[in-house]
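Undergrad: Structure for the following, please:
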Amino acid sequence: MGMEYIYAALMLHEVKRKVEAHDLEQVLRAAGAEPDPARVKQLVSALSNVNIDELVSQASVMPAPVVAPAPVEQKEEKREEKKKEEKEEEEAALAGLGALFG
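TA: Okay, the predicted model is just below:
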């Protein structure tokens, strides 16, 4: 199921509206999506016995994934590669200018 269906359901819940097929379809259309009636029906059915507030609160306490910063060596290698590329471009430009005066 597309995330747009979940977002639409959460938006309806946030404004204290019951998540019903008609309202869900209207939100999706307003966002520029063409709702799939089967998906809408499936989501409404799945959410009928769910406490959305509880799910949202559980999701908000989940730990965020830890992303390690790129090692300094990689950053330095990239800088060196960039300098090398710039030097090669400069040499090529100078060689081109030399052909004009040769």
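Undergrad: Need the phi and psi values for residue 22.
TA: Dihedral pair for residue 22: phi -60, psi -50, per degrees, to the nearest 10.
Undergrad: distance of it from residue 53?
TA: 22 Å (CB to CB, to the nearest Å). In this view, the C-beta of every residue, glycine as well, is placed from N, C-alpha and C.
Undergrad: Below-threshold pLDDT in the chain: ranges please.
TA: For the chain, residues meeting the criterion pLDDT under 70 lie at 1, 62-66, 68-72, 91-102.
Undergrad: ok, now with 80
TA: Scanning the chain for pLDDT under 80 picks out 1, 59-76, 86-102.
Undergrad: quick one, helices of it?
TA: Using DSSP state H, the helices of the chain run over residues 3-14, 21-30, 37-47, 52-60, 72-101.
Undergrad: the domain parsing of this structure - what is it?
TA: Following automatic domain parsing, one gets these domains for the chain: 3-60, 70-102.
Undergrad: Out of those, which is the most enclosed?
TA: Each of these was scored by mean neighbour count; the highest is domain 3-60, a mean of 14, by mean count of other CB atoms under 10 Å.
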